[in-house]
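K.L.:
have a look at this fold, sequence not included:
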């Protein structure tokens, strides 16, 4: 392996999938709170809160489903966050010990599609918001947002954290006023707060989409905690991630449900926000939309950043990649271009497509999160030989059949419970009038099966390998090369 010592270029982040050495660890634990709060506190999240209302549910049960889905889904993503400081690695490369050096491509492909898919929706919303307020055409603004997101993602980790901190403070002011206005000035249909108006199908649809949306952040979280010192505790890392993400999610999804209940069949994400804002005072709707665009730009950058890491990981599975600024720029650019093409070609049926996309994300990542967390917290208990993760012929193997089998079985048992609008309704979901219980099946099956298949893993031997390779790992990282 060629060794290089690449300096930081004009403030750009150099590291990507490689291990972050101890002497480069920095940042404060509380930084995770604003980052995950603001990642959720943007109007793509608001659109997640509409599902129950659009399927005939009443407002009070929609809000209960939002809170319950957020509390459950965020639980899993926050535990992934605690892996970053301990391992010093981005999230998806950590799948190699469970799925193998090549086998991890199974989940990386799905992760990359998720990054690009979310950016399609994010940039469309941003483009519509800017066209509504300052005009110029939605597609032009989609391109502008994509370019700005690319620049932020290229500069990297530190600027993303700082941007999210700044946006958090301004969000609390702008959306605080907007929320008070929504609660004080809007009127809702009769029966909106009737607890007797419960219906399983819209409730579980809303619950499932919310839980899936929160779980979908699981593939991001270590990316933004991996530079923290390893002496931060799992508990505190979990808390800052959990409460930041849950608060932002519940806030925006609740706003979405309130706006959808108020607007009824006339609901449109951008127009309804604009109209509701103008009820606070004339012109305030435009202010809300302009600020909301900044949140969409920041989360677009997050998706490009994570998509780049996933793409580099995938390429590295076939040919060893020397992590450089050039590689980062190329993969971020490819991710930006893919989402831009998707946004330009997207159809107008936004809500239906977004709902279906979120459900597919839930289905694809339920068994992955179960396997990854079971491995980290129960099987290996946080002990990994990090140098071996980068060794194509190392002890984790090229194909991790324990993880692959558990994933496929977990996914398979979920299929009869799927309920994806008009795309597919499984036989059990159909018998339950479209109620979706797949989450409650896939998680325990995939996790417990992985635990059972992995009982033969000699964790003590792996710890000895990690200890023997630790010094070489730090040396290689300081020389900016894979071990």
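P.N.:
In hand now; what should we look at? As the structure is a computational prediction, the values presented were derived from the model and not from experiment. Numbers count the residues shown, from 1 in each chain.
K.L.:
could you use CA atoms for every contact and neighbour count after this?
P.N.:
Noted.
K.L.:
can you give me the buried ones in the host helix or strand of residue 310?
P.N.:
Secondary-structure element containing residue 310, defined by DSSP states H and E: helix 284-316. In terms of neighbour count (16 or more other CA atoms under 10 Å), helix 284-316 has its buried residues at 284-314, 316.
K.L.:
same thing with stretch 404-412?
P.N.:
Buried residues in stretch 404-412, counted by 16+ other CA under 10 Å: 404-412.
K.L.:
now, the residues you listed that are in strands?
P.N.:
When DSSP state E is applied, these are split such that none fall in strands.
K.L.:
residue 164 versus residue 244, what's the distance?
P.N.:
Using CA to CA, to the nearest Å, one gets 12 Å for the distance from residue 244 to residue 164.
K.L.:
same question, residue 415
P.N.:
Note on residue 415: its distance to residue 164, by CA to CA, is 37 Å.
K.L.:
which one of the two has more residues nearby?
P.N.:
Summary of the neighbour comparison: residue 415 and residue 164, criterion other CA atoms under 10 Å, with residue 164 having more neighbours (24 against 19).
K.L.:
okay, and the residue nearest to the more buried one when sequence neighbours are not counted sits in which element?
P.N.:
Nearest-residue entry for residue 164: residue 35, 5.1 Å, with adjacent residues in sequence omitted and distances by CA to CA, 6 or more residues apart in numbering. Residue 35 is part of helix 32-40, with elements assigned from DSSP H and E.
K.L.:
give me the common contacts of residue 244 and residue 164.
P.N.:
34-35, 38 (CA atoms under 8 Å, 6 or more residues apart in numbering).
K.L.:
can you redo those residues as JSON lines with pLDDT and neighbour count?
P.N.:
Supplementary listing: these in JSON lines, determined by pLDDT from 0 to 100; neighbours: other CA atoms under 10 Å:
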{"residue": "34", "pLDDT": "95", "neighbour count": "26"}
{"residue": "35", "pLDDT": "95", "neighbour count": "27"}
{"residue": "38", "pLDDT": "94", "neighbour count": "27"}
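K.L.:
let's have these in CSV, adding distance to residue 204.
P.N.:
Compiled in CSV, the shared contacts of residue 244 and residue 164 are given as follows (distance: CA to CA, whole Å):
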residue, distance to residue 204
34, 29
35, 29
38, 26
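K.L.:
which one of the residues you listed is nearest to residue 447?
P.N.:
The shortest gap between residue 447 and any of the shared contacts of residue 244 and residue 164 belongs to residue 35, at 28.6 Å (CA to CA).
K.L.:
under the pLDDT cut-off, which ranges of the stretch 351-483 of the chain? List them.
P.N.:
Scanning the stretch 351-483 of the chain for pLDDT under 70 picks out 351-352, 354-355, 358.
K.L.:
would you map the strands across it?
P.N.:
Counting by DSSP state E, counting those that start in this stretch, the stretch 351-483 of the chain has these strands, from start to end: 419-420, 424-425.
K.L.:
just checking: what are the partner strands of the first one?
P.N.:
Based on DSSP bridges, the pairing partners of strand 419-420 within the sheet are strand 424-425 (antiparallel).
K.L.:
may I see the buried residues of the host helix or strand of residue 257?
P.N.:
With the criterion set as DSSP H and E, the secondary-structure element containing residue 257 is helix 234-263. For helix 234-263, burial by neighbour count (16+ other CA under 10 Å) applies to 234, 237-263.
K.L.:
what's the average pLDDT for it?
P.N.:
The predicted model assigns helix 234-263 a mean pLDDT of 94.
K.L.:
ok, now how distant is residue 399 from residue 316?
P.N.:
Using CA to CA, which is the criterion applied here, residue 399 is 15 Å from residue 316.
K.L.:
do the same with residue 166
P.N.:
Taking CA to CA as the measure, residue 166 falls 35 Å from residue 316.
K.L.:
same check, this time on residue 297
P.N.:
In this structure, residue 297 lies at 29 Å from residue 316, with CA to CA as the measure.
K.L.:
and what of residue 411?
P.N.:
Relative to residue 316, residue 411 is positioned 26 Å away (criterion: CA to CA).
K.L.:
and for this protein, the residue most distant from the center?
P.N.:
Residue farthest from the centre of the chain, counting by CA atoms, centre = their mean, is residue 190 at 35.9 Å.
K.L.:
now do whatever helix or strand residue 170 lives in, average pLDDT.
P.N.:
Assigned by DSSP H and E, residue 170 belongs to helix 157-185. Averaging pLDDT along helix 157-185 yields 92.
K.L.:
same thing with stretch 310-318?
P.N.:
Here stretch 310-318 scores 91 as its mean pLDDT.
K.L.:
which residues are contacting that stretch?
P.N.:
Stretch 310-318 is contacted by residues 16-17, 92-93, 101-102, 105, 108, 111-112, 321, 327-328, 331, 392 when judged by CA under 8 Å, 6+ apart.
K.L.:
tell me the least confident of those residues?
P.N.:
Scanning the contacts of stretch 310-318 for pLDDT, the smallest score is found at residue 321, 82.
K.L.:
residues contacting the nearest residue to residue 441 once chain neighbours are set aside?
P.N.:
Distances taken as CA to CA, 6+ apart place residue 414 nearest to residue 441, at 6.2 Å, with adjacent residues excluded. Counting by CA under 8 Å, 6+ apart, residue 414 touches 363, 438-439, 441-442.
K.L.:
can you check residue 27 too?
P.N.:
Taking CA under 8 Å, 6+ apart as the test, what residue 27 contacts is 227-229.
K.L.:
for residue 131, same thing?
P.N.:
Neighbouring residues of residue 131 by CA under 8 Å, 6+ apart: 137-138, 141.
K.L.:
mind listing which of those residues are in strands?
P.N.:
Going by DSSP E, the strands hold none of the contacts of residue 131.
K.L.:
return a ChimeraX selection command for the buried portion of those residues.
P.N.:
This is the ChimeraX syntax for the buried subset of the contacts of residue 131, where burial follows 16+ other CA under 10 Å:
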select :138,141
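K.L.:
among the contacts of residue 131, name the ones in helices.
P.N.:
Helix and strand membership here follows DSSP state H; of these, those in helices are 138, 141.
K.L.:
for the residue nearest the centre of the chain, which non-adjacent residue is spatially closest?
P.N.:
With distances taken as CA atoms, centre = their mean, the chain has residue 217 as the residue nearest its mean C-alpha position (2.2 Å). Sequence neighbours aside, residue 77 is the residue nearest to residue 217 in space, at 6.1 Å (criterion: CA to CA, 6+ apart).
K.L.:
now that neighbour: phi and psi?
P.N.:
In terms of degrees, to the nearest 10, the main-chain angles of residue 77 are phi -60, psi -30.
K.L.:
tell me how far whichever strand or helix holds residue 274 lies from the chain's centre.
P.N.:
Element membership for residue 274, per DSSP H and E: helix 269-280. Its chain's C-alpha centre lies 27 Å from the corresponding centre of helix 269-280 when counted by CA atoms, centre = their mean, to the nearest Å.
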